[in-house]
Every structure is written in C-alpha cells, then in structure tokens.
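S.K.: mind folding the following:
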Amino acid sequence: MSYDILKLSDDKIFRFSLDMLPTTEKDYNQRRISPFIKGAFGLILTASIDMLIGFSTSYWATWEKIETRSYGGYGLWKMWSCSPKELGDGEYSRNTFTCSYKLAGWFEFPGWYVTTQVFSCIGFAGMLLTVFGLAMYICRVSLRTQRTISVLITIGHCSGFSLLVSLAIFGFKVVSDIDAKKTTEWYLSWSFTLICTAFVLNEIAASVLASEKHKILKDQKDTQKLEEDMRNVLTKISSFQTK
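M.R.: Numbering: from 1, shown residues only. So this is what the prediction gives:
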C-alpha cells in the first residue's frame, strides 16, 4: 500500500511507501546475505578442512630418544615408532630403521585416549553440521531466521568446548606418557596445531554469528520504530485532510 503526502510549503511532493519497508523478519532476511554470514561460513569451512586433516593424520605429538636414535608419533587413531637396526656393542645403524604401527582401538587403548577420540568426533561432527546449516541458511530463504542463527551459535560453541576438552586431555596425557619413556626430546606436532587452529576458527565463526544475531535484532527494532513513526505521520496527515 502506498501513501501520498500533500504538498508542503516548498511545493515538493513526498511519497512514502510502507511496502518498501521490511516489516517482518522474513522480509528483512530476504533482502541480502549479510557479510557476517559469508565470513562465518568461510571461517567454519576452513576450520573443518583443518580439522579433517588433523583428525586423520598421526602427528599430534612426536618423540625422539637421542641415545638410541629411535623416534615415534601419536595420532588420534594411530601410534607409530621407528627404531634403528642394532649392530651390536651398543652401535646402531644410521640408515636402516624398523617401524611399527598400532591402530587405536577403543578396547585396547587407555580410557583417556578413547575420551579424546570421542570429544574430537563430537567437535568434528558439530563443525560439519554448522557448515551444512550455514549452507542451507544461505540457499533457503525460509531458513534465514534468528532462530536458525541461534541454533548454529549453540552448535558452534558446543563443538568448540568438545575440541578444547580433547586437546587438553591429549596434551597433558601424551606429555606424561612421553616423559615416562624418558625421551630427551618431544613436541606437539603439526596435526595437533591444525586442531588448535580449527578450534580458534570455530570460536571466531560462532562469535561472528552472534554479531549477526544482534544486528538482526537491532535492525528489526529500528524497522518497527520507523514503520510506527511513518504510520503516525500518515495518520496526522489524514486528520489534517479531513479538517
């Protein structure tokens, strides 16, 4: 519905149209995809890729025993170690190594290791669900609601908490295990770093979505106030015409 306003003193004609205002949450969100949403999608997608690589590789932590020149590593699903061939009299080959691998079974490895696996799986699943949810939010207008964003924020923070728990458990326990082996050098390796990066990006993405939620609420309030003000103006003009 459009409303024409009478000529004012400067002979200019002002035309107001309430149809041009996004009067509902759906109307507002149909207009455009916010940069916040695009940014959050890029962040969580990058986090998921980092998580996938770190999730599937066996370099969460590595160790090396200087005196025997043996070394090894820990992953979420596999442990491995390599030892030089013993030549006798305390001598070891510099070129020939024997490596062994052990897959992480839920009934073979200690409880803390299984706990790390479980929380990592929950965190990874939450990330993938957030990526899917944001993709649907972008593609389907009917899902562009404040409730959808609230759900995605909750999933994001839950994923981050799960990853934080798994990182903390693995970091402390693996360090303790490596020290028990009396190794002289150890460090958390690049797979672990990728998981940490995924955790940080996931939390940033959740914060960006929270900013988008607050922006939508503010814009809705501003739109409702503007619509109400315009209705009041049109009501006064209508009253003036009747006089």
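
S.K.: show me the contacts for the residue nearest in space to the middle of the chain.
M.R.: Nearest to the mean C-alpha position of the chain, counting by Cα atoms, centre = their mean, stands N202 at 2.4 Å. Residues in contact with N202 (Cβ atoms under 8 Å, 6 or more residues apart in numbering) are 43-44, 47, 123, 127, 130, 156, 159-160, 163. Where you see a C-beta, it was placed from the backbone N, CA and C, and this is true even at glycine.

S.K.: show the pLDDT at it.
M.R.: Note for N202: predicted pLDDT of 95.

S.K.: go on, Q146?
M.R.: 82.

S.K.: before we move on, what about L45?
M.R.: If you check L45, the pLDDT there is 95.

S.K.: how about T116?
M.R.: Note for T116: predicted pLDDT of 90.

S.K.: doesn't L76 make contact with it?
M.R.: Yes: using Cβ atoms under 8 Å, T116 is in contact with L76, at 6.9 Å.

S.K.: walking through the chain, point out its helices one by one.
M.R.: 25-31, 35-56, 111-139, 146-180, 190-242 (DSSP state H).

S.K.: can you put these in TSV and add distance to S81?
M.R.: Converted to TSV, the helices of the chain look like this (distance: least, Cβ to Cβ, whole Å):
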stretch	distance to S81
helix 25-31	54
helix 35-56	19
helix 111-139	16
helix 146-180	12
helix 190-242	16
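
S.K.: of all those, which one is nearest P84?
M.R.: Taking Cβ to Cβ, helix 146-180 is the member of the helices of the chain nearest to P84, at 19.1 Å.

S.K.: so which elements touch that closest one?
M.R.: Applying 3 or more Cβ pairs under 8 Å, 6 or more residues apart in numbering; DSSP states H and E, one finds that helix 146-180 contacts strand 61-65, helix 111-139, strand 185-188, helix 190-242.

S.K.: out of those, which is the most enclosed?
M.R.: strand 61-65 (a mean of 21; mean count of other Cβ atoms under 10 Å).

S.K.: report all helices and strands that it contacts.
M.R.: Packed against strand 61-65, as judged by 3+ Cβ pairs under 8 Å, 6+ apart, are the following elements: strand 70-74, helix 146-180, strand 185-188.

S.K.: most packed of the ones you listed?
M.R.: It is strand 70-74: most buried of the helices and strands packed on strand 61-65 by mean count of other Cβ under 10 Å, with a mean of 21.

S.K.: quick check: angle from that strand to helix 111-139?
M.R.: With axes from the mean of the first three to the mean of the last three Cα atoms, to 10 degrees defining the directions, strand 70-74 sits at 50 degrees from helix 111-139.

S.K.: and strand 70-74, which strands flank it?
M.R.: When sheet partners are counted by DSSP bridges, strand 70-74 sits next to strand 61-65 (antiparallel), strand 78-88 (antiparallel).

S.K.: before we move on, back to that, now tabulate the helices and strands packed on strand 61-65 in JSON lines and tack on distance to I53.
M.R.: Shown next, in JSON lines, are the helices and strands packed on strand 61-65 (distance: least, Cβ to Cβ, whole Å):
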{"stretch": "strand 70-74", "distance to I53": "15"}
{"stretch": "helix 146-180", "distance to I53": "14"}
{"stretch": "strand 185-188", "distance to I53": "15"}
